[in-house]
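Enquirer: Sharing a sequence plus its predicted fold:
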Amino acid sequence: MTASSLPRRDAQEQARLDAALVELFDHSIAFNRTLGLKILSVHSGDVRARFDMRPELVGHYTYGRLHGGVISSALDAMGGLALMVAIAERHPQEHMPQVMHRFVKMGTIDLRVDFLRQGLGQHFIASAEVTRLGGRVGSTQMRLVNDEGTLIATGAAAYMIS
C-alpha cells in the first residue's frame with residue numbers, strides 16, 4: 001500500500017494535530033515564548049506567526065529597532081514549523097502522536113538571513129514555505145513583514161528532519 005492509498009486522518013484528528021503543533025510552538029518551546037511568537041496559521045501553504053514589538057526585543061537602543069537575532073530566530077522557528085506541517089502532510093494516515101514523534105530529531109543545519117530594512121513596527125508577521133522536503137533534509141524560505149506589510153527580512157534554511 002502506498003501512502004496515498006491509506007486513509008487520511010479525519011478532521012477531528014487533524015484538529016488535534018494542529019492544536020498539538022500550536023501547543024508545541026507557542027508553549028513548549030521556551031525561546032518562542034521569550035520572543036512572544038504566536039501561531040496564526042498551521043495549514044499547508046499558510047504557515048504564519050506574529051509577535052509584538054517589546055523593549056526586550058530592541059537591538060538598537062537609539063532607534064528602537066528589532067534586534068537582528070530576534071529576526072533570525074523568528075525566521076528559523078517558522079522554517080521549522082513549516083517543515084513540521086509538510087511532514088504531517090506527507091504522512092496523512094498517521095495520528096497526532098505518531099506525527100509529533102517525527103519531530104524529535106529536527107534541527108537547523110543551515111540558516112541565511114537577508115536583512116532588507118530596519119526592524120521597525122508595532123508587530124511583525126513571520127511566514128515560511130517549504131521548498132524541498134527530502135528524506136533527511138528539508139529546505140524552507142521565510143519572510144518577515146511589519147504591521148504595515150513592509151518586508152523587513154527574508155531567510156532560507158535547511159533542517160535535519162530524520
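Expert: Done, it's in.
Enquirer: only C-alpha atoms for contact and neighbour calcs from this point on.
Expert: OK.
Enquirer: Quick check: residue 63 is in a helix.
Expert: No: with DSSP: H, G, I helix; E, B strand; the rest coil as the criterion, residue 63 is coil rather than part of a helix.
Enquirer: Show me what counts as buried in the helix or strand of the chain with the lowest mean pLDDT.
Expert: The helix or strand of the chain with the lowest confidence, counting by mean pLDDT, DSSP states H and E, is strand 58-60 at a mean of 93. Judged by neighbour count (16 or more other C-alpha atoms under 10 Å), strand 58-60 contains these buried residues: 58-59.
Enquirer: what packs against it?
Expert: Of the remaining helices and strands, those touching strand 58-60 by 3 or more C-alpha pairs under 8 Å, 6 or more residues apart in numbering; DSSP states H and E are strand 65-66.
Enquirer: could you redo the last one with a cut-off of 10 Å?
Expert: In terms of contacts (3 or more C-alpha pairs under 10 Å, 6 or more residues apart in numbering; DSSP states H and E), strand 58-60 is packed against strand 65-66, helix 68-90.
Enquirer: Tell me if I am right that residue 124 is in a helix.
Expert: No: following the definition three-state DSSP, residue 124 is strand and is not counted among the residues of a helix.
Enquirer: what's the burial count for the nearest residue in space to it that is not next to it in sequence?
Expert: In space, residue 124 comes closest to residue 146 once its chain neighbours are excluded; the distance is 4.3 Å by C-alpha to C-alpha, 6 or more residues apart in numbering. Neighbours of residue 146 under the rule other C-alpha atoms under 10 Å: 22.
Enquirer: Please list all residues in contact with the residue nearest to residue 52 when sequence neighbours are not counted.
Expert: Distances taken as C-alpha to C-alpha, 6+ apart place residue 123 nearest to residue 52, at 4.1 Å, with adjacent residues excluded. Applying C-alpha atoms under 10 Å, 6 or more residues apart in numbering, we find residue 123 in contact with 50-54, 145-148.
Enquirer: Go again with 7 Å.
Expert: Shown in contact with residue 123 (C-alpha atoms under 7 Å, 6 or more residues apart in numbering): 51-53, 146-147.
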